[in-house]
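*Asks:* give me a 3D structure for the following:
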Amino acid sequence: MKATFGAGCFWHVEDLLSKTKGVTSTQVGYIGGALPNPTYEEVCTDKTGHAEAVQIEYDPDEISYEELLDIFWNNHNPTTLNRQGPDVGIQYRSAIFYHSDEQKEIAKKSKQTLENSKQYENPIVTEIMPTPTFYKAEEYHQKYFKKHGFS
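*Replies:* Alright, predicted model coming up:
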(Lines give C-alpha, C1' and ligand atoms only; values in the text may rest on other atoms or scores of the structure.)
Protein backbone atom coordinates (compact mmCIF):
# COMPACT_ATOMS: atom_id res chain seq x y z
CA MET A 1 0.00 0.00 0.00
CA LYS A 2 1.02 3.63 -0.48
CA ALA A 3 1.01 6.62 1.86
CA THR A 4 2.14 10.17 1.11
CA PHE A 5 3.03 12.85 3.65
CA GLY A 6 4.31 16.42 3.58
CA ALA A 7 5.93 17.42 6.86
CA GLY A 8 8.59 19.98 6.07
CA CYS A 9 11.92 19.14 4.49
CA PHE A 10 11.55 15.73 2.90
CA TRP A 11 15.06 14.56 3.83
CA HIS A 12 14.27 14.11 7.53
CA VAL A 13 10.84 12.56 6.96
CA GLU A 14 12.19 10.12 4.37
CA ASP A 15 15.02 9.06 6.67
CA LEU A 16 12.66 8.49 9.59
CA LEU A 17 10.13 6.50 7.56
CA SER A 18 12.79 4.45 5.78
CA LYS A 19 13.82 3.08 9.20
CA THR A 20 10.25 2.20 10.19
CA LYS A 21 9.37 -1.49 10.39
CA GLY A 22 6.79 -2.30 7.72
CA VAL A 23 7.87 0.47 5.34
CA THR A 24 9.19 -1.30 2.27
CA SER A 25 10.27 1.69 0.15
CA THR A 26 10.46 5.47 0.21
CA GLN A 27 10.91 8.20 -2.33
CA VAL A 28 10.92 11.97 -1.99
CA GLY A 29 9.27 14.33 -4.40
CA TYR A 30 6.94 17.19 -5.10
CA ILE A 31 3.15 17.13 -4.95
CA GLY A 32 0.13 19.38 -4.97
CA GLY A 33 1.28 22.15 -7.27
CA ALA A 34 0.35 23.46 -10.69
CA LEU A 35 3.60 22.99 -12.63
CA PRO A 36 4.16 19.59 -14.27
CA ASN A 37 7.55 17.95 -13.61
CA PRO A 38 8.91 20.67 -11.32
CA THR A 39 12.57 20.88 -10.38
CA TYR A 40 13.85 21.53 -6.88
CA GLU A 41 14.90 25.03 -7.94
CA GLU A 42 11.37 25.77 -9.23
CA VAL A 43 9.70 24.42 -6.09
CA CYS A 44 12.01 26.55 -3.94
CA THR A 45 10.69 29.73 -5.60
CA ASP A 46 7.50 29.19 -3.57
CA LYS A 47 5.53 29.84 -6.79
CA THR A 48 4.69 26.32 -8.03
CA GLY A 49 2.40 25.37 -5.13
CA HIS A 50 4.12 22.04 -4.56
CA ALA A 51 4.89 20.51 -1.18
CA GLU A 52 8.01 18.52 -0.49
CA ALA A 53 6.66 15.07 0.31
CA VAL A 54 7.58 11.47 0.97
CA GLN A 55 5.70 8.69 -0.75
CA ILE A 56 6.09 5.30 0.85
CA GLU A 57 5.11 1.73 0.18
CA TYR A 58 4.22 -0.20 3.29
CA ASP A 59 3.06 -3.63 4.34
CA PRO A 60 -0.25 -3.27 6.22
CA ASP A 61 0.41 -6.62 7.93
CA GLU A 62 3.46 -5.03 9.57
CA ILE A 63 2.33 -1.43 10.16
CA SER A 64 -1.07 0.20 9.96
CA TYR A 65 -1.95 3.49 8.34
CA GLU A 66 -2.92 4.73 11.82
CA GLU A 67 0.60 3.95 13.06
CA LEU A 68 2.10 5.82 10.11
CA LEU A 69 -0.09 8.80 10.96
CA ASP A 70 1.16 8.70 14.56
CA ILE A 71 4.73 8.91 13.24
CA PHE A 72 3.71 11.77 10.95
CA TRP A 73 2.03 13.79 13.73
CA ASN A 74 4.82 13.22 16.23
CA ASN A 75 7.70 14.27 14.00
CA HIS A 76 6.75 17.74 12.83
CA ASN A 77 4.73 20.74 14.00
CA PRO A 78 1.29 20.57 12.36
CA THR A 79 0.34 24.04 13.64
CA THR A 80 2.78 26.14 11.63
CA LEU A 81 1.45 27.25 8.26
CA ASN A 82 3.96 26.74 5.44
CA ARG A 83 6.83 26.32 7.85
CA GLN A 84 8.82 23.71 9.74
CA GLY A 85 11.53 25.09 11.98
CA PRO A 86 13.80 27.37 9.96
CA ASP A 87 12.31 26.19 6.64
CA VAL A 88 9.68 28.63 5.37
CA GLY A 89 7.54 28.40 2.23
CA ILE A 90 4.50 26.59 0.87
CA GLN A 91 6.72 23.62 -0.02
CA TYR A 92 7.19 22.95 3.72
CA ARG A 93 3.49 22.73 4.56
CA SER A 94 1.96 19.97 6.62
CA ALA A 95 -0.18 17.72 4.44
CA ILE A 96 -1.61 14.24 4.23
CA PHE A 97 -2.28 13.05 0.69
CA TYR A 98 -4.66 10.12 0.83
CA HIS A 99 -4.79 7.26 -1.67
CA SER A 100 -8.26 5.92 -0.81
CA ASP A 101 -11.49 6.90 0.91
CA GLU A 102 -10.44 4.69 3.81
CA GLN A 103 -7.18 6.64 4.24
CA LYS A 104 -9.15 9.90 4.01
CA GLU A 105 -11.47 8.88 6.85
CA ILE A 106 -8.63 7.54 9.01
CA ALA A 107 -6.61 10.75 8.46
CA LYS A 108 -9.57 12.99 9.31
CA LYS A 109 -10.31 11.01 12.46
CA SER A 110 -6.63 11.08 13.46
CA LYS A 111 -6.48 14.86 12.99
CA GLN A 112 -9.67 15.34 15.00
CA THR A 113 -8.34 13.16 17.82
CA LEU A 114 -5.15 15.23 17.92
CA GLU A 115 -7.14 18.49 17.92
CA ASN A 116 -9.36 17.19 20.74
CA SER A 117 -6.29 16.24 22.79
CA LYS A 118 -5.32 19.92 23.12
CA GLN A 119 -1.69 18.85 22.71
CA TYR A 120 -1.11 22.05 20.73
CA GLU A 121 -2.00 25.57 21.78
CA ASN A 122 -2.51 26.65 18.16
CA PRO A 123 -4.88 25.08 15.61
CA ILE A 124 -3.67 22.25 13.40
CA VAL A 125 -3.25 23.50 9.82
CA THR A 126 -2.48 20.14 8.18
CA GLU A 127 -4.21 19.70 4.82
CA ILE A 128 -5.90 16.40 4.06
CA MET A 129 -6.41 15.97 0.35
CA PRO A 130 -6.49 13.38 -2.44
CA THR A 131 -3.12 12.44 -3.86
CA PRO A 132 -2.48 14.40 -7.04
CA THR A 133 0.43 13.57 -9.33
CA PHE A 134 3.60 12.85 -7.38
CA TYR A 135 6.78 13.98 -9.12
CA LYS A 136 9.86 12.14 -7.94
CA ALA A 137 12.61 14.53 -6.85
CA GLU A 138 16.04 14.55 -8.38
CA GLU A 139 18.22 11.56 -7.54
CA TYR A 140 20.55 13.55 -5.29
CA HIS A 141 17.58 14.12 -2.92
CA GLN A 142 16.74 10.41 -2.62
CA LYS A 143 18.05 8.87 0.64
CA TYR A 144 19.88 12.17 1.23
CA PHE A 145 20.70 11.57 4.91
CA LYS A 146 22.02 8.08 4.21
CA LYS A 147 24.15 9.30 1.28
CA HIS A 148 25.68 12.05 3.40
CA GLY A 149 26.28 10.10 6.59
CA PHE A 150 23.54 11.72 8.70
CA SER A 151 21.52 8.53 9.06
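
*Asks:* list the residues that contact the residue nearest to residue 61 when sequence neighbours are not counted.
*Replies:* With Cβ to Cβ, 6 or more residues apart in numbering as the criterion, residue 61 has its nearest non-adjacent residue at 7.8 Å, and that residue is residue 22. The way it works is simple: take the backbone N, C-alpha and C, and place the C-beta from them, glycine included. With contacts defined as Cβ atoms under 8 Å, 6 or more residues apart in numbering, residue 22 is in contact with 58-63, 67.

*Asks:* swap in residue 107?
*Replies:* Per Cβ under 8 Å, 6+ apart, neighbours of residue 107: 69, 96, 98, 128.

*Asks:* ok, it to residue 36 distance?
*Replies:* Going from residue 107 to residue 36 by Cβ to Cβ, to the nearest Å gives 26 Å.

*Asks:* again, but for residue 119
*Replies:* On the measure of Cβ to Cβ, residue 119 and residue 36 end up 38 Å apart.

*Asks:* now the residue nearest to residue 61. Its backbone dihedrals?
*Replies:* Backbone torsions of residue 22, given as degrees, to the nearest 10, read phi 100, psi -20.
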